[in-house]
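*Asks:* structure for the following, please:
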Amino acid sequence: MSSLSKRVHWLLLCVTVSVAAAGQLLPAQLGKSPTEVATQPATDPLGRDTPSGTVYGFLQAAQAGNYSIAAQYLQMSNAKRAEQGEELATKLKEVMDRAFSGNLRLISNRPEGIPQEGVSSDHQRIGVLSAGDVDADLTLDHVHDPGGGRIWLISSETLAKVPDLYDRLEVHQVEARLPNFMVRWQFLGLPAWQWLAILLAIPIAAGLGWLLVSIAGLSGKLRPKQPPRTTVWLSISRPMWLLFGAVIHVLCVRRLGLPLLQRHYYQLVMGVVFIVGWSWLLWRILQQVTRRLRERAIYTGRKGTGSLLLLGERVLKSVIFIVAVFAILGSLGFNMTTALAGLGIGGIAVAFAAQKTLENLFGGVSLLGDEVIRVGDVCRFGDRTGTVEDISLRSTRIRTPERSELSIPNGTLATMNVENLSRRDKILFTTKLGLRYETSADQLRYVLAQIRRLLYEHPKVETAGARIRFIGYDNNSLTLEVFCYVLTRDNNEFLAIQEDLLLRIVEIVEASGTAIAFTSRTVYLGRDPGVDKDKAAAVSHEVQQWRENSKLPFPDFASSDISEFSNSLPYPEPDSALRSKK
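*Replies:* Sure thing, here's the model as predicted:
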């Protein structure tokens with residue numbers, strides 16, 4: 001996982017913890033989703049319009065010690081509430097903190113509640129209260145409020161069993177042995193000794209979690225005939241450490257007997273930690289799996305598949321992050337149905353607004369799928385040439401010979417004529433040679449024959465298709481065209497072979513007694529010796545011998561002669577520094 005991804009995950013975790021802690025100070029409407037809080041007006045000042053509002057409102061009022069307000073959430077007459085309300089609210093808070101089993105996140109935040117099997121529409125079963133041999137359902141009743149409207153109250157059936165449940169609660173053995181100030185001093189509804197225990201459980205859980213991770217890693221190393229996978233293990237060890245530590249911390253805190261509301265917020269925080277841990281672990285596993293598949297594809301020569309795997313890895317990482325964010329929001333009680341519906345509608349709007357972005361995305365997928373270009377290829381894009389460095393979701397980055405970085409959108413690149421220079425099996429060598437007009441026909445034949453022989457003899461020139469032809473009369477020269485393929489795929493080696501061929505051609509021209517034509521006009525004076533007559537006579541004599549022996553190499557050398565001297569020329573030359581090292 002990159003450093004940026006780590007920061008995002010930990011920032012998300014810290015924000016979530018802060019939100020959960022701050023939730024202690026929120027009103028009873030915390031149980032409602034943000035959408036409903038903003039759109040649904042509260043008709044009851046105590047937030048008893050929904051089952052979740054009633055439960056959270058009672059717990060928060062009781063936690064604040066305001067039992068007169070907490071009694072307003074109980075289903076009883078005004079006279080009985082004035083006489084026994086606060087006492088009953090105190091006992092109910094203690095029973096719910098220590099004997100409740102259920103999930104507060106499943107409580108409905110709708111005014112009409114949610115349908116439950118075997119329960120009428122005006123009743124909601126929240127959970128079970130168990131103490132000793134007494135069990136009772138914690139239920140809510142939907143009743144008419146004298147002030148108008150309908151509200152949810154903790155049912156009278158549940159309240160009837162509260163005294164009996166309270167009498168059977170076990171006394172905290174730990175609190176009986178602690179100093180008085182550790183029990184009485186509270187912060188956010190938790191006594192000091194529980195805060196201390198939670199904080200002490202963090203290093204204990206971290207240490208035990210790391211010990212479990214180390215044992216798991218050691219057991220993998222001790223397996224016979226198993227190759228060491230140190231890099232892979234180190235990659236997934238940290239998220240596993242987080243998950244193991246979180247599990248151990250939950251097991252430790254579970255024995256502390258936290259109050260119900262604080263236990264709920266702790267479960268929210270640990271739920272976020274588990275989501276972060278699992279998403280982190282999946283992120284790392286995906287990273288390692290795609291890396292191994294990419295290396296295997298590149299090793300077998302399928303570089304395009306490797307680049308496609310890289311693009312797929314980035315897409316899947318984005319999916320993991322988005323799913324993790326939605327899972328965290330869902331675990332915090334946000335209404336994800338509305339969010340997902342909005343996401344679908346918003347996705348259509350984004351699809352229209354981000355046509356170019358989607359075009360670039362699918363363009364990159366098509367480029368990688370068709371293996372038109374691969375990372376490391378040298379390509380020509382229009383009038384620009386460079387090496388492909390990266391193919392991302394939006395664009396392809398090219399490193400030019402000037403060492404600048406050229407970024408081309410994938411959508412544009414998919415419609416361009418791309419010339420992949422790295423896939424050449426050989427490189428074309430072609431040039432035009434201009435000889436002076438004073439060159440005789442026999443000198444011209446000599447030059448043509450010797451250069452043709454040079455192309456056949458050179459071991460780095462493909463014999464088939466190699467040619468030199470006299471193609472016409474230019475304004476200032478007799479024009480010859482050389483055409484052949486150099487047997488190399490490396491451009492630097494091609495330049496060296498091209499240089500060698502050009503130098504040898506110059507030597508042939510000099511040996512023939514003629515010269516390469518100048519582009520400027522030449523004014524001849526009387527003392528100019530002109531063409532070398534001795535060399536011209538020698539060349540004419542040699543060409544005459546070709547005629548007499550029927551060896552005139554026009555229009556080409558005989559096949560037997562080509563086979564005889566094919567690849568016979570020493571290259572590099574004997575006095576070359578490269579040849580002396582071989």
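
*Asks:* and the strands in the stretch 401-550 of the chain, which stretches?
*Replies:* Counting by DSSP state E, counting those that start in this stretch, the stretch 401-550 of the chain has strands at residues 405-409, 418-420, 427-435, 467-473, 478-486.

*Asks:* out of these, which gets nearest to I451?
*Replies:* Set against I451 and scored by C-beta to C-beta, these come closest in strand 467-473, at 4.8 Å. Backbone N, C-alpha and C define where each C-beta goes, glycine included.

*Asks:* contacts for that closest one, please.
*Replies:* Strand 467-473 has contacts (C-beta atoms under 8 Å, 6 or more residues apart in numbering) with 432-433, 444, 448, 451-452, 455, 478-484.

*Asks:* what is the nearest of the residues you listed to G217?
*Replies:* Nearest member of these to G217, counting by C-beta to C-beta, is C484, at 60.5 Å.

*Asks:* mind listing what that closest one touches?
*Replies:* L428, F429, T430, L455, V461, E462, G465, A466, R467.

*Asks:* likewise G277?
*Replies:* P239, L242, L243, A246.

*Asks:* since we're on V539, how many residues are nearby?
*Replies:* V539 has 23 neighbours, counted by other C-beta atoms under 10 Å.

*Asks:* didn't it look like it was pressed against I508?
*Replies:* No - using C-beta atoms under 8 Å, V539 is not in contact with I508; the gap is 11.0 Å.

*Asks:* okay, who's weakest in the contacts of C484 by pLDDT?
*Replies:* Across the contacts of C484, no position has a lower pLDDT than G465, which has 88.

*Asks:* which residue is the nearest non-sequential neighbour of that one?
*Replies:* Counting by C-beta to C-beta, 6 or more residues apart in numbering, G465 lies nearest to Y485, which is 6.3 Å off, once chain neighbours are set aside.

*Asks:* how much space is there between the closest residue to D390 other than its chain neighbours and G411?
*Replies:* Nearest residue to D390, sequence neighbours excluded (C-beta to C-beta, 6+ apart): R397, at 4.6 Å. Look at R397 and G411: by C-beta to C-beta, to the nearest Å, they are 15 Å apart.

*Asks:* what helices or strands is the biggest strand by length in the chain leaning on?
*Replies:* The longest strand of the chain (DSSP state E) is strand 134-144. Using 3 or more C-beta pairs under 8 Å, 6 or more residues apart in numbering; DSSP states H and E, the elements in contact with strand 134-144 are helix 51-63, strand 123-131, strand 150-154, helix 156-167.

*Asks:* ok, back up a step: what is the nearest of the contacts of G277 to T43?
*Replies:* Nearest member of the contacts of G277 to T43, counting by C-beta to C-beta, is A246, at 40.7 Å.

*Asks:* residues contacting the closest residue to V55 other than its chain neighbours?
*Replies:* Spatially, and ignoring its direct neighbours in sequence, V55 is nearest to I107 (5.7 Å; C-beta to C-beta, 6+ apart). Applying C-beta under 8 Å, 6+ apart to I107 gives the contacts G31, P51, S52, V55, Q124, I126.

*Asks:* quickly note the distance from the residue positioned nearest the centre of the chain to A136.
*Replies:* What sits nearest the mean C-alpha location of the chain, by C-alpha atoms, centre = their mean, is R314, with 2.6 Å. Per C-beta to C-beta, R314 is found 54 Å from A136.

*Asks:* quick one, phi psi at the residue nearest to V55?
*Replies:* Torsion angles at I107 (phi, psi; degrees, to the nearest 10) stand at phi -70, psi 140.

*Asks:* counting by contacts, list what the helix or strand where L199 lies packs against.
*Replies:* According to DSSP states H and E, L199 maps onto helix 192-222. Helices and strands touching helix 192-222, as assessed by 3+ C-beta pairs under 8 Å, 6+ apart, comprise helix 180-184, helix 230-254.

*Asks:* now do the last one, average pLDDT.
*Replies:* Summarised as a single mean, pLDDT over helix 230-254 is 79.

*Asks:* what's the first helix or strand after that helix?
*Replies:* helix 260-299.

*Asks:* so for that next one, what gets flagged as buried?
*Replies:* By neighbour count on 16 or more other C-beta atoms under 10 Å, the buried set for helix 260-299 is 260-284, 286-288, 290-291, 294, 297-298.

*Asks:* what of stretch 157-169?
*Replies:* Quick answer for stretch 157-169 (16+ other C-beta under 10 Å): T158, L159, K161, V162, L165, Y166.

*Asks:* quick one: the fifth one and L74, what's the gap?
*Replies:* Summarising the geometry, the distance separating L165 from L74, computed by C-beta to C-beta, is 15 Å.

*Asks:* for stretch 559-573, which positions count as buried?
*Replies:* The neighbour-count check on stretch 559-573 (16+ other C-beta under 10 Å) flags I562, S566, L569, Y571, P572 as buried.

*Asks:* re the thing from before, by how many degrees do the longest strand of the chain and strand 123-131 diverge?
*Replies:* Orientation note: strand 134-144 sits at an angle of 150 degrees relative to strand 123-131 (axes from the mean of the first three to the mean of the last three C-alpha atoms, to 10 degrees).

*Asks:* tell me which strands strand 134-144 pairs with, and in which orientation.
*Replies:* strand 123-131 (antiparallel), strand 150-154 (antiparallel) (DSSP bridges).

*Asks:* what would these look like in a markdown table with mean pLDDT and distance to K535?
*Replies:* Converted to a markdown table, these look like this (pLDDT from 0 to 100; distance: least, C-beta to C-beta, whole Å):
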| stretch | mean pLDDT | distance to K535 |
| --- | --- | --- |
| strand 123-131 | 84 | 113 |
| strand 150-154 | 86 | 116 |
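
*Asks:* tell me which of those strands sits most buried.
*Replies:* Most buried of the strands paired with strand 134-144 by mean neighbour count (mean count of other C-beta atoms under 10 Å) is strand 150-154; its value is a mean of 23.

*Asks:* who's in contact with that one?
*Replies:* With C-beta under 8 Å, 6+ apart as the criterion, strand 150-154 contacts 44, 48-51, 53-54, 58, 73-75, 92, 111, 113, 124, 138-145.

*Asks:* tell me where the model's unsure across the stretch 151-300 of the chain.
*Replies:* Applying pLDDT under 70 to the stretch 151-300 of the chain flags residues 170-186, 189-190, 193-194, 218-231, 257, 298, 300.

*Asks:* E419 contacts D377, correct?
*Replies:* No - assessed by C-beta under 8 Å, E419 is found out of contact with D377, at 10.4 Å.

*Asks:* higher neighbour count, the two?
*Replies:* More crowded of E419 and D377, by other C-beta under 10 Å: D377, with 20 against 13.

*Asks:* how much space separates the more buried one from E313?
*Replies:* Distance, D377 to E313, using C-beta to C-beta: 20 Å.

*Asks:* circling back: can you tell me which of the helices and strands packed on helix 192-222 is most buried?
*Replies:* helix 230-254 (a mean of 17).

*Asks:* the inter-axis angle of it versus helix 192-222?
*Replies:* Going by the same axes, to 10 degrees, helix 230-254 makes 150 degrees with helix 192-222.

*Asks:* now for helix 230-254, which elements pack on it?
*Replies:* Checking 3+ C-beta pairs under 8 Å, 6+ apart, helix 230-254 ends up next to helix 192-222, helix 260-299.

*Asks:* make it 10 Å
*Replies:* Using 3 or more C-beta pairs under 10 Å, 6 or more residues apart in numbering; DSSP states H and E, the elements in contact with helix 230-254 are helix 3-22, helix 192-222, helix 260-299.

*Asks:* tell me what angle the second one forms with helix 260-299.
*Replies:* Translated: helix 192-222. Interaxial angle, helix 192-222 versus helix 260-299 (the same axes, to 10 degrees): 20 degrees.

*Asks:* check which residues of helix 192-222 are buried.
*Replies:* 192-194, 197-198, 201, 205-206, 208-210, 212-213, 217.
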